[in-house]
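1. Show me the folded form of this:
(one chain, ligands or ions: 1)
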Amino acid sequence: MAVIGIIGGSGLDNPDILKDAKDSEVSNKWGSPSSPIKSGTIAGKEVHIIGRHGREHTIPPTYVNNRANIQALKDLGCDCILATTAVGSLREEIDRGHLVIIDQFIDFTRKRELTFFESFEPHAPAHTPMAEPFDADLRAKMTAACKELGVTVHDKGTVVTIEGPRFSTRAESHMFRAWGADIINMSTAPEAILANEAGIPYAAVAMSTDYDCWKTDEAPVTWDDILAIFKANAENVTSMLIKTIENI
Ligand code: ADE
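-> Residues are numbered from 1 along each chain as shown. From the prediction side, this is the model:
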């Protein structure tokens, strides 16, 4: 039976979805994961959850120890990782509350640890393919779950991950649109890179919480706007995760 890891993003890290949950503190050669691991079952399957920014949301994006998070889930025997993330929308048609099943990333981070390979074995360089960083089968299951639940979903989308914690300038926001990015966040690219290096199938569901600042008929995004939207829609993400896991 599949063992599933979940990395929950801001406001989308509700550990109450597990049956028979228990907490454990783990660490590995990369350090400690962002939060204790909450382990339990969903639909009879073993599930392990990490809150990406810590239980009290104290870890800014730059300081999330992605290597420790992915390594911890690997050590627990996870066969796949499902991630949740709040994103800004760079496209008119991706409205607040819509879900996007990400299929590509652009890495615009500047200060992250982006590899497990700090040295290579002799004559064995490790250059991980990254053309399709999100697992197609998991993505299909996520999309199907959204459709079954009647939640508005975009079955693909390119995310640009910025360093943060500040939001983008209007010039940057326009540039990301011109580059072909559909959504923007501060977390996905490093996590997806490391999951791929670790050989763990990875998929991420994004909840659109705002229109960043390219859209001049709206006030630029604030953190309070984001919180309000994901509180109103978090249950959709929880339900779609449960349904996805039922089908894994
Ligand atoms: N997360 C949610 N909205 C965002 C935005 N507009 N920019 C970066 N990260 C975000």
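
2. Quick check: bridge partners of the residue of the chain found nearest the ligand?
-> Residue nearest to the ligand within the chain: G88 (2.4 Å; Cβ to the nearest ligand atom). Placement of C-beta: from N, CA and C, glycine included. Counting by DSSP bridges, G88 forms beta bridges with I184, D210.

3. Next: Y202.
-> I81.

4. Name the residues of stretch 138-145 that come out as buried.
-> For stretch 138-145, burial by neighbour count (16 or more other Cβ atoms under 10 Å) applies to L138, R139, K141, M142, T143, A144, A145.

5. Show the average pLDDT along it.
-> Averaged over stretch 138-145, pLDDT sits at 98.

6. gap between that stretch and the chain center?
-> 15 Å (Cα atoms, centre = their mean, to the nearest Å).

7. Convert it to CSV, retaining C-alpha atoms only.
-> These are the backbone C-alpha positions of stretch 138-145, laid out as CSV (Å, rounded to 0.1, in the frame of the first residue of the first chain):
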residue,chain,number,x,y,z
LEU,A,138,-0.5,12.3,-9.5
ARG,A,139,-1.6,15.4,-11.4
ALA,A,140,-4.3,13.5,-13.2
LYS,A,141,-5.6,12.2,-9.9
MET,A,142,-5.6,15.7,-8.4
THR,A,143,-7.5,17.1,-11.3
ALA,A,144,-10.0,14.3,-11.3
ALA,A,145,-10.6,14.8,-7.6
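
8. and the nearest residue to L241 once chain neighbours are set aside, how many neighbours?
-> Leaving aside its sequence neighbours, L241 sits nearest to L82 (Cβ to Cβ, 6 or more residues apart in numbering; 6.2 Å). Residues near L82, counting by other Cβ atoms under 10 Å, number 26.

9. Now do L82 against R67, distance only.
-> Distance, L82 to R67, by Cβ to Cβ, to the nearest Å: 19 Å.

10. try I37
-> With Cβ to Cβ as the criterion, I37 and R67 are 15 Å apart.

11. For these two, work out which one has more neighbours and name it.
-> Taking other Cβ under 10 Å, I37 and R67 do not tie; R67 has more neighbours (24 against 21).

12. what about that one, which SS state?
-> helix (DSSP: H, G, I helix; E, B strand; the rest coil).

13. wait, it sits on E191?
-> No. Using Cβ atoms under 8 Å, R67 is not in contact with E191, being 9.9 Å away.

14. about what we covered before: what's near enough to touch the residue of the chain closest to the ligand?
-> By Cβ atoms under 8 Å, 6 or more residues apart in numbering, G88 lies in contact with F167, I183, I184, N185, S208, T209, D210, Y211, D212, V221.

15. mind running it again at 6 Å?
-> By Cβ atoms under 6 Å, 6 or more residues apart in numbering, G88 lies in contact with I184, D210, D212, V221.

16. Distance check, D210 against S89.
-> Going from D210 to S89 by Cβ to Cβ gives 7 Å.

17. list the helices and strands the longest helix along the chain packs on?
-> Assignment by DSSP state H gives helix 223-246 as the longest helix of the chain. Helix 223-246 sits against strand 80-89, helix 136-149, strand 202-210, with contacts defined as 3 or more Cβ pairs under 6 Å, 6 or more residues apart in numbering; DSSP states H and E.

18. Give me the mean pLDDT for it.
-> 91.

19. Stretch 18-27 too?
-> 92.

20. Tell me the buried residues in that stretch?
-> Buried residues in stretch 18-27 (16+ other Cβ under 10 Å): L18, V26.

21. Residues contacting that stretch, please?
-> P36, I37, K38, S39, G40, T41, V47, A72.

22. Good, we can wrap up now.
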